[in-house]
Each structure stands twice: as C-alpha cells, then as structure tokens.
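Participant: Curious how this folds, go ahead:
(one chain, ligands or ions: 2)
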Amino acid sequence: MTRKNILVFRELPDDQLARLQAVHEVTVADPRSQRAAFDAALPLAHGLIGSSFPVDDALLARAPRLEVVSSVSVGVDNYALASLHARGILLCHTPGVLDETVADTVFALLMATSRRVVELSNLVRDGAWTKNIGEDLFGFDVHGKTLGLLGFGRIGQAIARRAALGFGMPVLYHARRPVDLAAQAPELQGRAVHTPLAELLAGADFVVAMLPLSDSTRGMIDASFFAAMKPGAVFINGGRGATVQEDALLAALDHGTLRAAGLDVFATEPLPAASPLRTHPRVTPLPHIGSATHETRHAMAELATTNLLQALAGERPAAVFDTASA
Ligand SMILES: NC(=O)C1=CN([C@@H]2O[C@H](COP(=O)(O)OP(=O)(O)OC[C@H]3O[C@@H](n4cnc5c(N)ncnc54)[C@H](OP(=O)(O)O)[C@@H]3O)[C@@H](O)[C@H]2O)C=CC1
Ligand SMILES: O=CC(=O)O
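Facilitator: Ligands and ions are numbered 1, 2, ... in the order given. Below you'll find the predicted structure:
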C-alpha cells in the first residue's frame, strides 16, 4: 500500500502513533504551539487526526490532498461540515466508547452541586470546620428526585440508566424524536418518558443538557428556558457550552430561582479568567473533563486511529459522521 501523509494535530498515545507510523508518514504538529511545522505539513496531508482545534474552511482550503479527518472526540462542532461534505472528505469520530465515563462525570456534577461537595470540602481545608454544620450548609437529596434530560442519545441514555436504576429517579427526556425504548434501551421502559420541553422544565429537579452543538441547539438554553424551570432546580451542562446563553444562566442564578449549576463546558474554553462563572459561589465548574480518564481517552485515541487507518486503506471506517445530516 502507498504510504500516505498523516498530520497529527493533537498528541496521540505512543502505541497509537506507532500504529500510524508503521503504515504511513506521520508528522506531529500542534497548530497552537508548532504553527510553522503544522503549516508546512498541511498542504501534503491525506489524513488529519486530533481534537479541540477548529478545522474550518480556511484550514481546509490549505489542504488540497485531504481524504479524511479523524476526530478524537464524539462532538463534531469544530469541523466545517458543509465543506467536508462538498469535497467528499470523510469525517470520523468516536461515538460509544466514552458514554459511561461522560455519564459518570455528569453524575459527579449532580452530586457535587446538590450536596455542596466542593464548598464543604473547602470549609474543612480552610480550617473553618469548628462545630457541627448547621442547616445553612445542608444540601438536597439526589435520589428519588426527577431528572430532566435534554438530549437522549448515547450519553443521555447512560445518564438515564444511572438515574433511574441507581438513584430511583423518574426521568423525563426531550429530543426532537422519541426513542424506541423497547428496541434501544429496554431497561428504561416505564422509567424514561419523552416529554415536551415546557413540561420537563416545570417538573424536573435537575435539568441536564447533553446536547451536540448545531444550528438547532446554539443558544437554545436561554432566559425563557431558565424562567420555565421549577423553582430551586439545578442545571447541569455536559454537552457544549454554546448551547447555553451564559448571561441568562448568571441572571437565573443571581435574580431567578436556579439553585445551582454544574458546568463541564463553556461557550469559550478555557474559561476566560474574567468570566463570573469561574468564581460564582453556586457554580461548580470543571475544565471539560467529561471523557478524561486514562482508559477512555485511550479508547478514543484507539478508535480514532482505527478510523483513520481504515479510511486511508479505502475501507469504510468504524465510525463515520454523516456530514450530509448537518
Ligand atoms: N463534556 C464532555 O467532555 C463531552 C461532551 N460531549 C457532547 O455531548 C454530545 C452528545 O453526545 P452523544 O450522546 O454521543 O450524541 P448523540 O448523537 O447520541 O445524542 C444527541 C442527542 O441530542 C438530541 N438532539 C439533537 N439536537 C436536538 C435539538 N435541537 N433539540 C433537542 N434534542 C436534540 C438528539 O435527538 P434528536 O436528534 O431526536 O433530536 C439525541 O437524543 C456530543 O455531541 C458532544 O458535543 C460528548 C462527549 C464528552
Ligand atoms: O467533548 C468531547 C467530545 O468527545 O465531544
């Protein structure tokens, strides 16, 4: 087989890099820190692999030989989908291998916000645990409360399983189409119910957004959304930051009835130092760590590498994103 040129734009584990180097010519160059090397390799590249960097129209215009882009992520909002589709460039991603880990992270945020884990841990660290804590520092139960899920795909369903089967939580979910639970998630039959958004927001004690970022979801979590939430409810975002209007979220915390927010994702990442979300007392912020365990990040890199090798060999990769659907 002809050796092709691969440009790795975000570090890969050594064993996956070795799989690529065994078959192809590989350049590793992070466009943020090794711009000149990246720019030199891009026009020759047949395949790109990496994550967390915008592969936009301008970048694609400088990559005339490109056949495949393999993202080490499930979300594809960093990619110029229309141009990829128009040029017939395959886009691969990593669905499925991170679902359980991301669902764990979302549950960590549910627990942290409702039981005030970070705040009370800091109280101990600060030497302020001088007597039994009083009601002013009590939390709220998670078990038995109602969970409202926005997005009920692979990860949403993994969150719903934890909530319904582990925590006895009724689950209301919102997606554009109801899911055939008998076929896709029989264990959630009778436990998760497709619900109109207004009804979900009025009934849920925890609202978890697990949405992709697209034209239809950008900014959809706005002031009217927060105003429609049950008083005292908690908001968690594990999907993409730009689905939320962050000013509206802050207003709901400061002037509305939102109890707390747990956020793994932000409209701008890393979160700017000046963002009030960084230090708000009722916000638990995380640095986009949904899938960040050793096991899962390795599984993502392995799937992305397999996708790329398959595509460059002229085979149908294991996980192709349908750019025509965007
Ligand atoms: N924090 C992190 O580290 C991570 C974040 N993510 C994010 O989570 C997203 C979801 O991943 P995954 O579960 O695998 O994706 P899926 O494609 O399996 O699920 C997406 C869900 O969102 C629903 N949805 C899409 N558009 C809308 C809309 N306009 N209104 C209501 N529901 C909508 C879909 O249903 P329907 O099409 O019927 O509307 C579906 O239920 C990723 O795209 C990524 O952005 C993923 C991994 C890690
Ligand atoms: O945000 C992470 C992803 O895999 O998408």
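
Participant: Which residues of the stretch 201-326 of the chain lie near ligand 1?
Facilitator: With Cβ under 6 Å from any ligand atom as the criterion, the stretch 201-326 of the chain meets ligand 1 at residues 210-213, 216-217, 238-240, 264-265, 288, 290-291. Glycine gets a C-beta too; all of them are placed from N, C-alpha and C.

Participant: what two of these are the furthest from one another?
Facilitator: Using Cβ to Cβ, those span at most 23.5 Å, a distance reached by 216 and 291.

Participant: Doesn't residue 142 lie inside a strand?
Facilitator: No: going by DSSP: H, G, I helix; E, B strand; the rest coil, the assignment for residue 142 is coil, not a strand.

Participant: what about residue 44, neighbour count?
Facilitator: Neighbour count of residue 44, defined by other Cβ atoms under 10 Å: 16.

Participant: Give me the local confidence score for it.
Facilitator: pLDDT for residue 44: 98.

Participant: Do I have it right that it meets residue 64?
Facilitator: No: Residue 44 lies out of contact with residue 64 (Cβ atoms under 8 Å); the separation is 9.3 Å.

Participant: that's a helix at residue 114, yeah?
Facilitator: Yes: counting by three-state DSSP, residue 114 is part of a helix.

Participant: can you map out the helices along this structure?
Facilitator: 14-21, 35-41, 57-61, 81-87, 99-115, 117-125, 154-161, 167, 181-184, 197-203, 223-228, 246-255, 294-312 (DSSP state H).

Participant: ok, and does the longest one reach over to ligand 2?
Facilitator: No: judged by Cβ under 6 Å from any ligand atom, helix 294-312 makes no contact with ligand 2; its nearest approach is 6.9 Å.

Participant: Rounded mean pLDDT for stretch 199-210, please.
Facilitator: Average pLDDT, stretch 199-210: 98.

Participant: Count the neighbours of residue 124 for me.
Facilitator: 9.

Participant: Just list the residues touching it, thanks.
Facilitator: By Cβ atoms under 8 Å, 6 or more residues apart in numbering, no residues touch residue 124.

Participant: Next, give phi and psi for the residue nearest to residue 144 when sequence neighbours are not counted.
Facilitator: Excluding the flanking residues, the one nearest residue 144 by Cβ to Cβ, 6 or more residues apart in numbering is residue 168, at 5.2 Å. When read as degrees, to the nearest 10, the backbone of residue 168 gives phi 60, psi 40.

Participant: do you know how far the residue nearest the centre of the chain is from ligand 2?
Facilitator: In the chain, the centroid-proximal residue (Cα atoms, centre = their mean) is residue 239; its distance is 4.0 Å. According to Cβ to the nearest ligand atom, to the nearest Å, residue 239 and ligand 2 sit 8 Å apart.

Participant: Over to residue 166?
Facilitator: For residue 166, the distance to ligand 2 - Cβ to the nearest ligand atom - is 23 Å.

Participant: what does the stretch 51-200 of the chain have sitting close to ligand 2?
Facilitator: Residues of the stretch 51-200 of the chain lying close to ligand 2 (Cβ under 6 Å from any ligand atom) are 73-75, 98.

Participant: Output those residues as TSV; include the columns neighbour count, pLDDT and distance to residue 122.
Facilitator: Below are those laid out as TSV (neighbours: other Cβ atoms under 10 Å; pLDDT from 0 to 100; distance: Cβ to Cβ, whole Å):
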residue	neighbour count	pLDDT	distance to residue 122
73	20	98	32
74	23	98	33
75	21	98	31
98	25	98	29
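
Participant: okay, among those residues, which ones form the most distant pair?
Facilitator: 75 and 98 (10.2 Å).

Participant: Report the buried residues of stretch 303-323.
Facilitator: Neighbour counts using 16 or more other Cβ atoms under 10 Å place 303-312, 317, 319-321, 323 of stretch 303-323 among the buried residues.

Participant: mean confidence for that stretch?
Facilitator: pLDDT averaged over stretch 303-323 gives 97.

Participant: who touches that stretch?
Facilitator: With Cβ under 8 Å, 6+ apart as the test, stretch 303-323 has contacts from 1, 4, 6, 12, 16, 19-20, 23-24, 46-47, 49, 67-68, 70-72, 76, 81-82, 84-85, 90-97.

Participant: Stretch 156-175: end-to-end distance?
Facilitator: One end of stretch 156-175 sits 10 Å from the other (Cα to Cα, to the nearest Å).

Participant: Just the residues contacting it, thanks.
Facilitator: So stretch 156-175 is in contact with 99-100, 102-104, 106-107, 142-153, 179, 184-185, 187-188, 191-197, 199-200, 203-204, 208, 210, 238, going by Cβ under 8 Å, 6+ apart.

Participant: same thing but 6 Å
Facilitator: 99-100, 103, 106-107, 142-150, 152, 185, 188, 191-193, 195, 197, 200, 204, 210 (Cβ atoms under 6 Å, 6 or more residues apart in numbering).
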